[in-house]
Every structure is written in structure tokens, then in C-alpha cells.
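[1] return a 3D structure for these sequence lines:
(one chain, ligands or ions: 2)
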Amino acid sequence: MGFTTDNLAIRARGLSKAFEGTVALQDFSLDVWDGSLLTLLGPSGCGKTTALRVIAGFVKPDSGTVEVKSRRVVGPDVDVPPERRRIGMVFQDYALFPHMTVGRNVAYGLQKADRRRVAETLELVGLAGLEDRMPHELSGGQQQRVALARALAPGPEVILLDEPFSNLDATLRDRVRRELRSILTAAGITAVFVTHDQEEALAMSDMVAVMRQGRVVQAAPPDVLYMKPADAWVASFLGDADLVEGHASANRVVTPFGTFATDLSGPVQVMVRPEAVQLLPDPDGDAVVRSREFFGHDQLVTVMMPGGTLIRSRLGPVPSLQAGERVWVKIEDAAVFKA
Ligand code: ADP
Ligand code: MG
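    Ligands and ions are numbered 1, 2, ... in the order given. Prediction:
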């Protein structure tokens, strides 16, 4: 897919926001491509909810700009009210009106009551015919879909979802996540979705923007982010990673794991994912298995390189590798960062 600035659904630049001295956003910038699903991923307190609220219009930033489909909605002299931004928001606690029927909850965001639109939206989220139920008569997953229907009913350009699965138990989560993904695809809508769960972010997004301390530190497709994180913090935040220090020169860096190509020079860090480490059992191998954790679907094997550096390998349940066994280590991919 070729992207240009014409097909940006959201363009945020340099957003900053402090609450009585607490910095929530600091030079936050983000691009969301039209029709894509982007996840904002970051630890608790890094500013994810504040970023969504600024984009939706519920919080006014101290500085910065936001455009929705090339239309400025936030800027030095611009502050378009939330209901005129064509953005739908699903709040973390759903925020349904408990004393209103499902149908009235969904109709709430519409300019005028429109039973057909309500029915159509409920059908889209798989709740056809439940207009007259009360929220408390529905399961957690169904309540969430009502909140989604309410946000979708007015036909927004973009929908923002704040930790939409955090109130669901683990067994429901996977299913609801897949359902949400297909509802959003069917609606053909751009979505920004917030989570602090790495696996969830990688599993359901076109793009993941990793946030740390109020700013986006890297935005990339899930596989790129995982294999080519921008720095050691992103690498470790996203999963298991082994890091070694090295010195790069002449377009390469030599490490105890092997030699890797890089454009950097000087002190660097080399990051290796356990999934990119192959072990070849061989009595003449130069590395030794130190320990092994067996999980059934895979195993995590720690080996010691000549010189004592440890590295982990995640591989399928066979071969059965035992402590003391000799192996050759083959690394398929690594990322190199400035140290
Ligand atoms: P996240 O959603 O990533 O957990 P938030 O955006 O909720 O993060 O919060 C970012 C920081 O801003 C936190 O330190 C939080 O305590 C603070 N914060 C957020 N909203 C307010 C508010 N209304 N008043 C004071 N501090 C706030
Ligand atoms: Mg939050």
C-alpha cells in the first residue's frame, strides 16, 4: 500500500499536556492512515488516555495540533467541539447510561432519533433485536458492543477505543478481540485502540505506536516493531530480548553471537530475539546448553557461548535439549541500536 499525507485520518503534531505539574503528554506526534487499525501501546501512566481525550476533544492540550482527515480540529486558534470532530469514542468503562435501553443508548449520539440507523448499527455489532434490553441484562462483552454501536451510530471518520478489553475475563478477550476487528473491518472505519498488553497490540493491529513518558517512541507494523525495535527499551517492553554491547565500525559489529551488519559506528547494542536463535545439536558445537524451560508448544533454552555470554533460544518442543549438551548457535536476525 502506498501512503501519502492525503490518506491520513489523524495527524497529531507536538501535543503537550500537563495536569498541575504532572506531564501527561510531551511532544506527542502520531499519524494514523485512513482505514487502518493503530494501537497505542505503553505502560500504565504513559499518557495513552490523555492522548485519546485530546484527539477526541475532551481535553485541551497546552500546545500542538490535530487534524482529522486534513481538517484542523486542534491548534493555536482552533478547538472544534467533540461532537463536530467526526470521532467516536469508546471509554474504558463503556459509560453506558444504566437507566436507558440499549436502543436509547445507541441513539444518544444521533442528532435526531433514527430507529433504522440504531437497528442497522446494532446489527453491525451482532446485537440485532436487543433494542429494548437494559444494559444490566447484557454480558460484559455485549455491553462493550453497545458502547461500540453508540460510537459508530453517527458515522464517524475515526473511532477511538480506550482499553476496550480490560473489563473482560481472559477467556472472553480473544474472542471479543477478533469480533471487534471484524466489525471494524466491516464498517471500513479507521480505529485507534489503546492497550498496555503487548500481545494484544501485536495480534490485532496494522500499526503499533509505542508510547513512553508522554510521547510516541516508535510507530511501525507489528512484525517490524518486534524484530527492529528503535531502542533497548522498546525491545524489552515488547518481549524477550538478549542484549550485548559492541563496537561498530566499517559497517559491522562483532559480538560473541556473531557479526552483524549496521550503518552505525561507535558503541552499539545488539538485540537478539530468542525466536531468531537456532540451535544445532553437535558434539563439536562451541556453545553449551545451560538450562531449559519446557512449555509444550515451545521451549526456551539458555546456552552459553564461548567466553561466557548467555543467549536464549525459543524453539519447538523437539529436539529435547538437556543441560550440558553441545550446540552450534545460528542467529537469523538481530537489531543494532546506538548505545
Ligand atoms: P494512561 O492512560 O497511559 O495510563 P493517562 O493519560 O491516564 O495514562 O495519564 C498520564 C499521566 O497524567 C498520569 O501521571 C496521570 O496520573 C496524569 N493525569 C491524567 N489525567 C489527569 C487529570 N485529569 N488530573 C491530574 N492528572 C492526570
Ligand atoms: Mg488509560
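
[2] residue 105 reaches residue 96, doesn't it?
    Yes - at 5.3 Å, residue 105 counts as touching residue 96 under the criterion of CB atoms under 8 Å. Placement of C-beta: from N, CA and C, glycine included.

[3] now do the shared contacts for those two.
    Common neighbours of residue 105 and residue 96, counting by CB atoms under 8 Å, 6 or more residues apart in numbering, are 135, 146, 150.

[4] re the thing from before, the more surrounded of residue 105 and residue 96?
    The neighbour count for residue 105 versus residue 96, taken as other CB atoms under 10 Å, is higher for residue 105 (26 against 21).

[5] tell me the residues of the stretch 1-150 of the chain that contact ligand 1?
    Taking CB under 6 Å from any ligand atom as the contact definition, the stretch 1-150 of the chain meets ligand 1 at 19, 22, 24, 42, 44, 45, 46, 47, 48, 49, 50.

[6] could I get those residues as CSV with pLDDT and secondary structure?
    Putting those into CSV (pLDDT from 0 to 100; DSSP: H, G, I helix; E, B strand; the rest coil) gives the following:
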residue, pLDDT, secondary structure
19, 97, strand
22, 95, strand
24, 98, strand
42, 96, coil
44, 94, coil
45, 96, coil
46, 97, coil
47, 97, coil
48, 97, helix
49, 96, helix
50, 97, helix
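
[7] of these, buried ones?
    Burial by neighbour count, judged by 16 or more other CB atoms under 10 Å, picks out 24, 42, 46, 47, 48, 49, 50 from those.

[8] pipe these into TSV and attach distance to residue 205 per row.
    Below are those laid out as TSV (distance: CB to CB, whole Å):
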residue	distance to residue 205
24	23
42	14
46	17
47	18
48	14
49	18
50	20
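
[9] nearest to residue 115, out of those residues: which one, please.
    Within those, the smallest distance to residue 115 is 33.3 Å, found for residue 49 (CB to CB).

[10] check contacts around the nearest residue to the closest one once chain neighbours are set aside.
    Once flanking residues are discounted, residue 49 sits nearest to residue 162: 5.7 Å by CB to CB, 6 or more residues apart in numbering. Taking CB under 8 Å, 6+ apart, we find residue 162 in contact with 48, 49, 52, 89, 90, 91, 92, 194.

[11] burial measure for residue 83, as a count.
    11.

[12] quick one: it is in a helix?
    Yes - according to DSSP: H, G, I helix; E, B strand; the rest coil, residue 83 belongs to a helix.
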